[in-house]
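Visitor: Take a look and give me a structure for this.
(2 chains, ligands or ions: 2)
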Amino acid sequence: MTDREPGQPRLAVIGAGPAGLAAAIAAAARGVRVTLLDSAAEAGGQFYRQPAAELRARRPQALHHEWRTWERLRDGLDAHVRAGAVRHLTDHHVWLVERRADGRFTVHALLGPEQEDPAEVCADAVLLATGGYEKVLPFPGWTLPGVITAGGAQAMLKGTLATAGRRAVVAGTGPLLLPVATGLASAGVEVAALVESAGPRAFAGRARALAAQPGKVAEGARYGARLLRHRVRLLARHTVVEAHGADRLEAVTVAALDGAGRVRPGTGRRIPCDTLAVGHGMLPHTDLAETLGCRLDGHAVHVDDEQRTDVPGVWAAGEATGIGGAALSLAEGHIAGRSAAARLRGARPEPAEWAAAARTRTRLRAFFAALDSVYAPPAHWAEQVTDDTVVCRCEEVTGGAIRAAVAELGAGDARTVKLLTRAGMGWCQGRVCGPGVAGLAGCELTPSRRPFARPVPLGVLAAAGEDD
Amino acid sequence: MNVGLTCDVVVVGAGMVGAACALYAARAGLDVILVDRGPVAGGTTGAGEGNLLVSDKEPGPELDLALLSGRLWGELAREFGAAIEYEAKGGVVVASSPGGLAALERFAEGQRAAGVVAEPVAGDTLYDLEPHLAPGLPGGVHYPQDRQVMPALAAAHLTRASGARLLTGRTVTAVLRTRDGAVRGVRTDRGDIHAPAIVNAAGTWGGELAALAGAHLPVLPRRGFVLVTEPLPPRKVRHKVYAADYVADVASDSAALQTSPVVEGTAAGPILIGASRERVGFDRTFSLPVVRALAAGATRLFPFLTDVRAMRSYLGFRPYMPDHLPAIGPDPRVPGLHHACGHEGAGIGLATGTGHLIAQALTAPGKTPDLDLTPFRPDRFTEEAA
Ligand SMILES: Cc1cc2nc3c(=O)[nH]c(=O)nc-3n(C[C@H](O)[C@H](O)[C@H](O)COP(=O)(O)OP(=O)(O)OC[C@H]3O[C@@H](n4cnc5c(N)ncnc54)[C@H](O)[C@@H]3O)c2cc1C
Ligand SMILES: Cc1cc2nc3c(=O)[nH]c(=O)nc-3n(C[C@H](O)[C@H](O)[C@H](O)COP(=O)(O)OP(=O)(O)OC[C@H]3O[C@@H](n4cnc5c(N)ncnc54)[C@H](O)[C@@H]3O)c2cc1C
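Guide: Ligands and ions are numbered 1, 2, ... in the order given. Down below sits the predicted model:
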């Protein structure tokens, strides 16, 4: 399909979360024709989409501020869509962005929940706003039904969980656990404990960086107050050592951690529960960027001050460039949209015009760097993983098999562990087990190359981008 | 570990070829150290496929080496079997036109004379062998001697079984030589290793290693992409199946892209579709046109694959030599230096024969080896003015 028209330059924005929305609106307002693609059925991304459904039902006081921001973005998007400046393609799963020989781009997507039929979008430039995904580390029992990710718990609030009157434990590490715990609690779930491996003293050490963020501290305090109100017990410097249950989750054992990040012997206690929401932070989605050849900084897409990647014509914004919350994603998206608009129209962007967003970006990046050093999984979490714990669920690879590959077969990096054990070769392509496998193998988690961001039918692949 | 290590032979490169050299040398009684700058199978061995083919080889030295290697793989299978996912499943080469079938049958006749089992299969029998092939194909040839292993597992298990000292994460930075030029060991970034013999099993980087010893060896990268599908129920694709034009691709000297894919099932369930061949240096950029061509070739052979999903694709760089033959044996220019590299797209299959011949050269230099090494002489290339 060809949709090339002379005149206005075209920008494809992938991801309709805070970053993608801010970018699409900023670019459309400056004379660029934007195609906004997202795999979800609605705009909003992780933050605005999921709590929004809950908000519509309940509108808790504490989230009104975010709700207004979301309304502004949604109205802005609607106005540009009505004016024909933005085409919003929902249910478009992008599996590949192709940089063509002429320097332009073809975005390859699969339609609908089935992801069988293809769609292609041509553009002069692309903006990757694909956000991040949750990181979960393994522990004995983590594959039992009833153990879900923190984000998964948030999503379930929309469904039956809220009415089921369950008992949940929220565990792991990171700033996401607080909103998840309070979200569950305010939806009527009994939250038996919030188990956070970071200790209160770690925060004290970072007091200055955190104190420079009145808004964020206030947000934290709000969540703290809500935890209290719902009588959620906060177990700092604790970890879940095992989940128990015959066919599904019945209880967890939690234990205290010592200063070195090891479980303190004799501190284990059993907490009955039917839901365990775990999360150990987030990792950026970098598949599309990597296949385009964009440089990564660690796990995030590398960008310059204008949010440009090192591949000409490719911008990136939001959590794809580093985990940092919704407000940072908004600021980056705004800058990226303005920069792309200017450059696509052949003008030099004027950074002074986005100085406020740039200040927000600087401040929030510093804040999240500080948070990052506070929230960390226990240093010796891997010791808790028994040899018979399944670490890679898709391929059913155990902790013992991974250890043997390293100790006996000469695997020295995550890739060889994967080759020798099949860990990470299954349906999720290591997105779930990657951090666990690397940790058990005692090597760095390196971003693994996944040329396809989604599995793609061979028939679609065989015809992709073919000129006719 | 700065104290110098000593042994009978240092094998550089813990890929499939280095692992086989270590195994056969150790079993011939030598004290072996195997070094690699990365982990085991971290080079091309971990980035290719494990077809052990005789079907794609025309009569000549490479086929002779493949037949020898096949026998040795059969022996190793008794020892390692399932651990290395060895499967003697056979290959089926299909022709897409009556003319193509005639050419294929002539090719097979030559192979039979050289000792290959090659059974013509006409129309119906073809579908008995591979029920899901595209309808209307005129026929093909069945090669029962084609087999497969999982290369990384094979390299790891042969290495372990060899009992050789394995030093991973060590880069060889120099070849140590005596005043009269003979090898006396290697220098690594973590200390020297002393030995009167070195085996260059550095694969695609074998030219660089040879250069450290002052010898010219033109090993070039030839890129290949492989497609991996979602896991499928067993026996959807029963043999290694490819179209007859694959053989022409393999033997091609052209730098341009060739992509007639081999389609094969694996023990773990996914189907592998590979591999393309093109000479583009060490370029790791994903190429949609290449991968698209692989998908198109595979779906032409097996229409049911149209709805099967590709999970991922990966690429590797075959160690390519200008005349498509590896360098195997002692280097007359540098006493003590042995080469075992440059196997291009067949290094997994040819590893056992290579290891066996290297062990013979190391332990009985005067004796006639089981296969004439003359075609594989490492000094057969003249140094072109660069
Ligand atoms: C449970 C939970 C609670 C949170 N609570 C807070 C909070 O209280 N305060 C706060 O500041 N932040 C919070 N966050 C974080 C916040 O959601 C993120 O910081 C923010 O959403 C990031 O915005 P983004 O635009 O970068 O990415 P996202 O919001 O993740 O949006 C990315 C979008 O890209 C789409 N996408 C990705 N890949 C593809 C593809 N290949 N094809 C098509 N579409 C694709 C996704 O569907 C998604 O809609 C929370 C997150 C979670 C999960
Ligand atoms: C896509 C693709 C498909 C393929 N399919 C098949 C197939 O089906 N069947 C088949 O038989 N073959 C196949 N091959 C070819 C096969 O993979 C190679 O021929 C084989 O892996 C070569 O093995 P090797 O041990 O010589 O090299 P490698 O596996 O590359 O090992 C060389 C090792 O040397 C190490 N090294 C290099 N320099 C140094 C140094 N200075 N110091 C220390 N260590 C060093 C490297 O780290 C590396 O681990 C395929 C190849 C590709 C790319």
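Visitor: Surely B:Ala295 and A:Phe452 touch.
Guide: No: if you go by CB atoms under 8 Å, B:Ala295 and A:Phe452 don't touch, sitting 11.3 Å apart. To be clear about C-beta, it is placed using only N, CA and C from the backbone, and glycine gets the same treatment.
Visitor: Tell me which of the two has more neighbours.
Guide: Neighbours per residue (other CB atoms under 10 Å in any protein chain shown) separate B:Ala295 from A:Phe452, with B:Ala295 holding more: 29 against 22.
Visitor: so where's the stretch 301-450 of chain A uncertain?
Guide: Scanning the stretch 301-450 of chain A for pLDDT under 70 picks out nothing.
Visitor: Let me see the contact set for the closest residue to A:Arg237 other than its chain neighbours.
Guide: Leaving aside its sequence neighbours, A:Arg237 sits nearest to A:Gly199 (CB to CB, 6 or more residues apart in numbering or on different chains; 3.7 Å). Residues near A:Gly199 by CB atoms under 8 Å, 6 or more residues apart in numbering or on different chains: A:236-237, A:257.
Visitor: among those, who's most crowded?
Guide: A:Leu257 (21 neighbours).
Visitor: picking up where we left off before, pLDDT score for the residue nearest to A:Arg237?
Guide: As predicted, A:Gly199 sits at a pLDDT of 84.
Visitor: do you know how far it is from B:Gly366?
Guide: According to CB to CB, to the nearest Å, A:Gly199 and B:Gly366 sit 71 Å apart.
Visitor: buried stuff in stretch B:219-236?
Guide: B:219-229, B:231-232, B:236 (16 or more other CB atoms under 10 Å in any protein chain shown).
Visitor: Which one of the residues you listed is nearest to A:Leu177?
Guide: Lowest distance from A:Leu177 to those (CB to CB) belongs to B:Pro231, with 34.5 Å.
Visitor: Bridge partners for the closest one, pull those for me.
Guide: Here B:Pro231 sits in beta bridges with B:Pro270, as judged by DSSP bridges.
Visitor: for the one 10 residues further on, same thing?
Guide: Following DSSP bridges, B:Val241 is listed with bridge partners B:Val92, B:Val263.
Visitor: One more: B:Val11?
Guide: In this entry, B:Val11 is beta-bridged to B:Leu34, B:Val199, by DSSP bridges.
Visitor: Tell me if I'm right that it and B:Val199 touch.
Guide: Yes: using CB under 8 Å, B:Val11 makes contact with B:Val199 at a distance of 4.4 Å.
Visitor: will you turn the contacts of A:Gly199 into CSV that also has distance to A:Arg167 and secondary structure?
Guide: Output for those, formatted as CSV (distance: CB to CB, whole Å; DSSP: H, G, I helix; E, B strand; the rest coil):
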residue, distance to A:Arg167, secondary structure
A:Ala236, 21, strand
A:Arg237, 23, coil
A:Leu257, 24, strand
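Visitor: As CSV, these with distance to B:Ala155 and pLDDT would be great.
Guide: Putting these into CSV (distance: CB to CB, whole Å; pLDDT from 0 to 100) gives the following:
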residue, distance to B:Ala155, pLDDT
A:Ala236, 47, 92
A:Arg237, 44, 94
A:Leu257, 40, 95
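Visitor: Out of these, the closest to ligand 2 would be?
Guide: Checking those against ligand 2 by CB to the nearest ligand atom gives A:Leu257 as the nearest, at 38.9 Å.
Visitor: on that earlier part again, okay, and the common contacts of B:Ala295 and A:Phe452?
Guide: Residues within reach of B:Ala295 and of A:Phe452 at once, by CB under 8 Å, 6+ apart, are B:Ala310.
Visitor: Which phi and psi values does residue 140 adopt?
Guide: With no chain named, the answer covers chain A. phi -60, psi 130 (degrees, to the nearest 10).
Visitor: pLDDT (mean, whole number) over stretch A:461-468?
Guide: For stretch A:461-468, mean pLDDT rounds to 80.
Visitor: no, scratch that, I was asking about stretch A:135-145
Guide: Mean predicted confidence for stretch A:135-145 is 95.
Visitor: That stretch near ligand 1 anywhere?
Guide: No: Stretch A:135-145 lies out of reach of ligand 1 by CB under 6 Å from any ligand atom, never closer than 11.4 Å.
Visitor: Can you give me the buried ones in that stretch?
Guide: The neighbour-count check on stretch A:135-145 (16+ other CB under 10 Å) flags A:135-142, A:144 as buried.
Visitor: ok, now stretch B:288-295?
Guide: By 16+ other CB under 10 Å, the buried positions in stretch B:288-295 come out as B:288, B:290-295.
Visitor: Pull it out as CSV, backbone CA atoms only.
Guide: Only the C-alpha atoms of stretch B:288-295 are listed here, as CSV (Å, rounded to 0.1, in the frame of the first residue of the first chain):
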residue,chain,number,x,y,z
LEU,B,288,14.7,-7.4,5.4
PRO,B,289,15.3,-8.3,1.8
VAL,B,290,17.5,-11.2,2.8
VAL,B,291,15.2,-12.6,5.4
ARG,B,292,12.2,-12.0,3.2
ALA,B,293,13.8,-14.2,0.6
LEU,B,294,14.4,-17.0,3.1
ALA,B,295,10.7,-16.8,4.1
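Visitor: Establish whether it and ligand 2 are in contact.
Guide: No: judged by CB under 6 Å from any ligand atom, stretch B:288-295 and ligand 2 are separated, with a smallest distance of 10.2 Å.
Visitor: quick revisit: kindly reformat the buried residues of stretch B:288-295 as JSON lines containing pLDDT and distance to chain A.
Guide: JSON lines is the format used below for those (pLDDT from 0 to 100; distance: CB to the nearest CB, whole Å):
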{"residue": "B:Leu288", "pLDDT": "94", "distance to chain A": "5"}
{"residue": "B:Val290", "pLDDT": "91", "distance to chain A": "11"}
{"residue": "B:Val291", "pLDDT": "94", "distance to chain A": "7"}
{"residue": "B:Arg292", "pLDDT": "94", "distance to chain A": "6"}
{"residue": "B:Ala293", "pLDDT": "92", "distance to chain A": "8"}
{"residue": "B:Leu294", "pLDDT": "94", "distance to chain A": "8"}
{"residue": "B:Ala295", "pLDDT": "96", "distance to chain A": "4"}
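Visitor: from those, which is closest to ligand 1?
Guide: Nearest member of the buried residues of stretch B:288-295 to ligand 1, counting by CB to the nearest ligand atom, is B:Leu288, at 15.8 Å.
Visitor: residues in contact with stretch A:263-277?
Guide: A:146-150, A:152-153, A:161, A:166-171, A:180, A:184, A:189, A:192-193, A:239-241, A:243-244, A:248-258, A:378, A:380, A:383-384.
Visitor: Likewise for stretch A:438-452?
Guide: Stretch A:438-452 is contacted by residues A:95-96, A:137-138, A:286-287, A:290-291, A:296, A:299, A:381-382, A:385, A:391, A:399, A:402-403, A:405-406, A:411-415, A:417-418, A:424, A:429-430, A:434-435, B:286, B:291, B:310-314 when judged by CB under 8 Å, 6+ apart.
Visitor: Next step: these restricted to helices.
Guide: Counting by DSSP state H, the contacts of stretch A:438-452 place A:287, A:290-291, A:399, A:402-403, A:405-406, A:414-415, A:417-418, A:434-435, B:291 in helices.
Visitor: residues from the stretch 151-300 of chain A in reach of chain B?
Guide: A:291, A:293 (CB under 8 Å from any CB of the partner chain).
Visitor: Residue of the stretch 151-300 of chain A closest to chain B, please.
Guide: Going by CB to the nearest CB, chain B is nearest to A:Thr291 of the stretch 151-300 of chain A, at 4.7 Å.
Visitor: tell me, how many neighbours does B:Ala134 end up with?
Guide: With other CB under 10 Å as criterion, B:Ala134 counts 14.
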